[in-house]
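# Here is a sequence together with a model predicted from it:
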Amino acid sequence: MNKPIELPVVSAMAAASSHRLYGKGVLLCMIATVLMGIMFPVMTNALTHIDPFTFTSLRYLIAGTAFLVLLLIKEGAGALRANGESIALAWLLGSVGFCGFGSFVFLGQQLAGPEGALTASIMMATQPMMGLLVNSIVRRSAPPLFSFLFILMSFAGVSLVVTKGDIAAALSEPQHYSANALIVVGALCWVIYTFSAAHFRNWSALKYTTMTTWLGLTTILGLNALLFALHVIAVPSASALRAIVPHLLYMGPVAGFLAILFWNMGNRILTPLNGVLFMDVLPVTTFIVSSLTGVIPARAQIAGACMTGAALIFNNVYLRRRAWQRPITR
């Protein structure tokens, strides 16, 4: 007589726990994307004082130290062991995710000038579409027709943001090509880093973030030292370092530590397919903050951001409906 009473109670408790966990994932991804959205306007000013490579090194040294301290507190010294996962792969992903993203995106933003923040943020919102294309290339299978159309819609929105609706004028300014290409490559680096986290099943989200940050830092610092040695970039002066202290206080502990940790934790709960939807929040945040700092988006840029966001949502809904309608094979 007890079982019919206990089973629904257990089921209800499990459902409530699942809802709480899902809500936690949503909150984590939402906070992460808002914090990431603010970082692009912050970088607009920082890049007038220092090169993106040195700033990336300093930023992740701060964030990496915070990750390491938290990991040791939460999981102990044993958390630094590989636990059956590939350190070489973790180094590669850390290099791609942190060195690649930080170097390419912020160099592109610097080359693009004051409006580079708007361009960089909208490129971040195309990451799910980039992920779909990468997955199709890896599996050697074309994306579904409607997904392909949504990809085109997404990048049409990006073109409106980049060109302000005046494509002819943009084509006559080739210097923008390199800036935009760098930002696209940087965004692609973050796609690879985010979607590859699923391979590290034996690591917590905190451990994945910490290990990849520090392994990636070896590449960041090595690249920075090489650029100094070749005189490609100058060693920053004391005055330049003092000028970027306020920017580092945001980019290191907040956008570097909290945002990335929350992003990886949220995606671990929701899965990247759901987590990437929150990339829509990122350009909205950037556009609002940029407006407050005097960089007002044109109407075409706002329309482009809406197009990209709509394409992301429509494609997610389409892929879900397609998965539900697919017959189960036995």
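Nice, I can see it.
# what residue is smack in the middle of the protein?
The centre of the chain sits closest to residue 190, judged by Cα atoms, centre = their mean, with a distance of 5.1 Å.
# least trustworthy helix or strand in the chain by mean pLDDT?
helix 167-171 (a mean of 57; mean pLDDT, DSSP states H and E).
# related to what we said a few turns ago, please, which helix or strand holds the residue nearest to the centre of the chain?
Counting by DSSP states H and E, the secondary-structure element that holds residue 190 is helix 175-196.
# For that helix, name the packing helices and strands.
Judged by 3 or more Cβ pairs under 8 Å, 6 or more residues apart in numbering; DSSP states H and E, helix 175-196 is in contact with helix 87-94, helix 101-112, helix 116-124, helix 127-139, helix 259-270, helix 272-275. Where C-beta positions appear, they are placed from N, C-alpha and C, glycine not excepted.
# What residues sit buried inside it?
Neighbour-count burial for helix 175-196, counted by 16 or more other Cβ atoms under 10 Å, picks out 176, 179-180, 182-196.
# Which positions within the next helix or strand after that helix qualify as buried?
On the C-terminal side of helix 175-196, the closest following helix or strand by DSSP H and E is helix 205-229. For helix 205-229, a neighbour-count test (16+ other Cβ under 10 Å) marks 205-217, 219-221, 223-224, 227-228 as buried.
# again with stretch 288-301
Going by neighbour count (16+ other Cβ under 10 Å), the buried part of stretch 288-301 is 289-290, 295, 297-298, 300-301.
# Make TSV out of those and add distance to residue 324, secondary structure and pLDDT.
Written out in TSV, the entries for those read as follows (distance: Cβ to Cβ, whole Å; DSSP: H, G, I helix; E, B strand; the rest coil; pLDDT from 0 to 100):
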residue	distance to residue 324	secondary structure	pLDDT
289	38	helix	86
290	39	helix	83
295	42	coil	77
297	37	coil	79
298	40	coil	78
300	36	helix	81
301	36	helix	78
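# Quick check: the farthest pair among those?
The most widely separated members of these, counting by Cβ to Cβ, are 289 and 300 (19.6 Å).
# how close does residue 232 sit to residue 58?
18 Å (Cβ to Cβ, to the nearest Å).
# out of the two, which sits in the more crowded spot?
In this comparison of residue 232 against residue 58, neighbours counted by other Cβ atoms under 10 Å, the higher total goes to residue 58 at 22 against 10.
# which stretch of helix or strand covers the more buried one?
Secondary structure here is read from DSSP H and E; on that basis residue 58 sits in helix 52-75.
# which helices and strands does that helix pack with?
If you count contacts as 3+ Cβ pairs under 8 Å, 6+ apart, helix 52-75 packs onto helix 101-112, helix 205-229, helix 245-251, helix 259-270.
# out of these, nearest to residue 163?
Of the helices and strands packed on helix 52-75, the one closest to residue 163 (Cβ to Cβ) turns out to be helix 101-112, at 12.1 Å.
# any low-confidence regions in the stretch 101-250 of the chain?
For the stretch 101-250 of the chain, the stretches flagged by pLDDT under 70 are 138, 162, 164-176.
# 90 - rerun?
For the stretch 101-250 of the chain, the stretches flagged by pLDDT under 90 are 109, 111-181, 183-184, 187-188, 190-199, 201, 205.
# Excluding residues flanking it in the chain, which one is nearest residue 83?
Spatial nearest neighbour of residue 83, excluding adjacent residues (Cβ to Cβ, 6 or more residues apart in numbering): residue 202 at 4.6 Å.
# residues in contact with the one you found?
83-85 (Cβ atoms under 8 Å, 6 or more residues apart in numbering).
# next one: residue 311
Applying Cβ under 8 Å, 6+ apart, we find residue 311 in contact with 129, 150-151, 153-154, 157.
# export these to a markdown table and tack on distance to residue 21?
Formatted as a markdown table, these follow (distance: Cβ to Cβ, whole Å):
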| residue | distance to residue 21 |
| --- | --- |
| 129 | 28 |
| 150 | 29 |
| 151 | 31 |
| 153 | 33 |
| 154 | 30 |
| 157 | 33 |
